[in-house]
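Chemist: pasting a predicted model and its sequence here:
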Amino acid sequence: MSMQVYLDYAATTFTAPEVVTAMTPFFTESFGNPSSIYSFSERNRKAIAKARQQVADVIGASADEIFFTSGGTEADNWALKGAAWRGRSKGNHIITTKIEHHAVLHTAQFLQENGFDVTFLDVDAEGRVNLDDIRKAVTEKTILVSVMFANNEIGTIQPVAEIGAFCREKGILFHTDAVQAVAHVPIDVKAMNIDMLSLSAHKFYGPKGVGALYIRKGTRIENFMHGGGQEKGRRATTENVPGIVGLGAAIELTSGRMSESSPRIGKLRDMLIEGVMESIPHAKLNGAPSGERLPNNANFSFIGIEGETLLLDLDSAGIYGSTGSACSSGSLDPSHVLMAIGLSHELAHGSLRLTLGEEITEEDIQYVLSTLPGIVKHRREMSPLWEDYMKKIEGGR
């Protein structure tokens, strides 16, 4: 039987055993509603307060600046819509980039359809936004800049501190979607002048369905959900106590070992990248160099290959990754991120994202390197696109 190698940690991680242990009592023993005033719920209130502090400590915030959500998507929606609705008296202009996660892009498009002016900035060939482009895009009506901390597809880390400093100087709110970055790279919201930051527990070995939005003290945005007075009246609904406890435990656990695990995973990623580039002709690495990308991210394009077919072949070999084309949504469109960095449709369709996690070993990487080249070679031999490409190459000699 072939090995099983999960290389889609950017999509989701497993919930760490320590996190499950921390969560379990709040499903069964301590199930009270935290908003109730009786003593039975006191343990839950304290657990939520602890988790709030755990999140704050990792990103350099204060506990009262952390608001729990159902995940990164809700946090992104709240940041953009809340800032837009509250800032309408000042202006209606928002700046973001063309490579944001759909939680930001689709929210920005919704706001655009409802009277807001949105600038979608280009990025360079490595997926990096230019601070000068942000400067040039700012107008007297600009109320918000939203740039992700690190890209979910190609791993490129943005110049967040520089963007934050500029926005603070101009009095413009700065939001960053840090879903892929939190607990994987160091973040200090104060030093980086971040006004709002989104995160999600299931990206760092916590449970699915829970996240948080950091809102800097004094930042005024409208509420996204209305109802009861939970989260200091800013985010209604009965708190997901087990999830919140899990988020706190996971972020503390993962950030606590980050100084050791990130370099280890980064070395394995570099081994994977070097091996793929050496063993597969005409392979292309997408994204920034190793020092400027997430330590667990490797994204490749293979001309002459359909990403979906590649995934199925890898699946048969027990290797689980993802592709840049939106096959899961039933769309034939290639990744908006890969198109934004200048790839052709053919290259974008032949993309493969492999993202590493805590349990990946050198043996796993060697197995991938012994398997992937043969799959690519086999598929290329059946590909008219590869045949045409090689004719062009040979004709140019």
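Modeler: Thanks, I have it.
Chemist: isn't Glu65 right up against Leu213?
Modeler: No. The criterion here is CB atoms under 8 Å, and Glu65 misses it with Leu213 at 9.4 Å. All C-beta atoms are positioned from the backbone trio N, CA, C, and that covers glycine.
Chemist: between those two, tell me which one has more neighbours.
Modeler: Neighbours per residue (other CB atoms under 10 Å) separate Glu65 from Leu213, with Leu213 holding more: 27 against 22.
Chemist: mind checking pLDDT for the residue nearest to the spatial centre of the chain?
Modeler: By CA atoms, centre = their mean, the chain has its centre lying nearest to Gln180, at 3.2 Å. Per-residue pLDDT puts Gln180 at 98.
Chemist: that one and Ser200 touch, don't they?
Modeler: No. Gln180 is beyond contact range of Ser200, at 9.1 Å (criterion: CB under 8 Å).
Chemist: break down the stretch 151-300 of the chain into its strands, ranges please.
Modeler: 173-177, 196-200, 211-215, 283-285, 297-302 (DSSP state E, counting those that start in this stretch).
Chemist: which other helices and strands contact the shortest one?
Modeler: The elements that strand 283-285 packs onto, with contact taken as 3 or more CB pairs under 8 Å, 6 or more residues apart in numbering; DSSP states H and E, are helix 258-279, strand 297-302.
Chemist: centre of the chain to the first one, how far?
Modeler: The one in question is helix 258-279. 19 Å (CA atoms, centre = their mean, to the nearest Å).
Chemist: and that helix, what does it pack onto?
Modeler: strand 283-285, strand 297-302, helix 362-381.
Chemist: quick one: residues contacting Ala79.
Modeler: Residues counted as contacts of Ala79 (CB atoms under 8 Å, 6 or more residues apart in numbering) are 146, 175, 196, 198, 213, 221.
Chemist: what about Ile215, distance to Gln158?
Modeler: Computed with CB to CB, to the nearest Å, the distance linking Ile215 and Gln158 is 20 Å.
Chemist: for the nearest residue to Gly115 once chain neighbours are set aside, grab phi and psi.
Modeler: Leaving out its chain neighbours, the residue that sits closest to Gly115 by CB to CB, 6 or more residues apart in numbering is Asn92, at 6.4 Å. Phi and psi for Asn92, reported as degrees, to the nearest 10, are phi -130, psi 20.
Chemist: quick check: Asn92 touching Lys141?
Modeler: Yes. Between Asn92 and Lys141 there is a contact at 5.8 Å, judged by CB under 8 Å.
Chemist: quick check: neighbours shared by these two?
Modeler: Asp117.
Chemist: more crowded one of those two?
Modeler: Asn92 (19 against 13).
Chemist: show me what contacts the more buried one?
Modeler: Shown in contact with Asn92 (CB under 8 Å, 6+ apart): 84, 115-117, 141, 143.
Chemist: distance of the closest residue to Ala161 other than its chain neighbours from Pro25?
Modeler: Nearest residue to Ala161, sequence neighbours excluded (CB to CB, 6+ apart): Met192, at 4.4 Å. Using CB to CB, we find Met192 at a distance of 36 Å from Pro25.
Chemist: same thing with Ala137?
Modeler: From Ala137 to Pro25 the distance is 50 Å (CB to CB).
Chemist: show me the protein divided up by domain.
Modeler: 17-256, 258-395 (automatic domain parsing).
Chemist: Asp8: which of those domains is closest?
Modeler: Of all those, domain 258-395 sits nearest to Asp8, with 5.3 Å by CB to CB.
Chemist: so for that closest one, what's the average pLDDT?
Modeler: 92.
Chemist: and the residue nearest to Lys141 when sequence neighbours are not counted, how many neighbours?
Modeler: Leaving aside its chain neighbours, Lys141 sits nearest to Gly91 (3.1 Å; criterion: CB to CB, 6+ apart). Residues within reach of Gly91, counting by other CB under 10 Å, total 17.
Chemist: what pLDDT does the model give the spatially closest residue to Gly164 that is not a sequence neighbour?
Modeler: Nearest non-adjacent residue to Gly164, counting by CB to CB, 6+ apart: Asn193, 3.2 Å away. Model confidence at Asn193, expressed as pLDDT, equals 98.
Chemist: from Phe224, how far off is Arg86?
Modeler: 11 Å.
Chemist: wait, what's in contact with His202?
Modeler: The contact partners of His202, taken as CB under 8 Å, 6+ apart, are 12-13, 15, 71, 208-210.
Chemist: let's see 6 Å
Modeler: Under the criterion of CB atoms under 6 Å, 6 or more residues apart in numbering, the neighbours of His202 are 12, 208.
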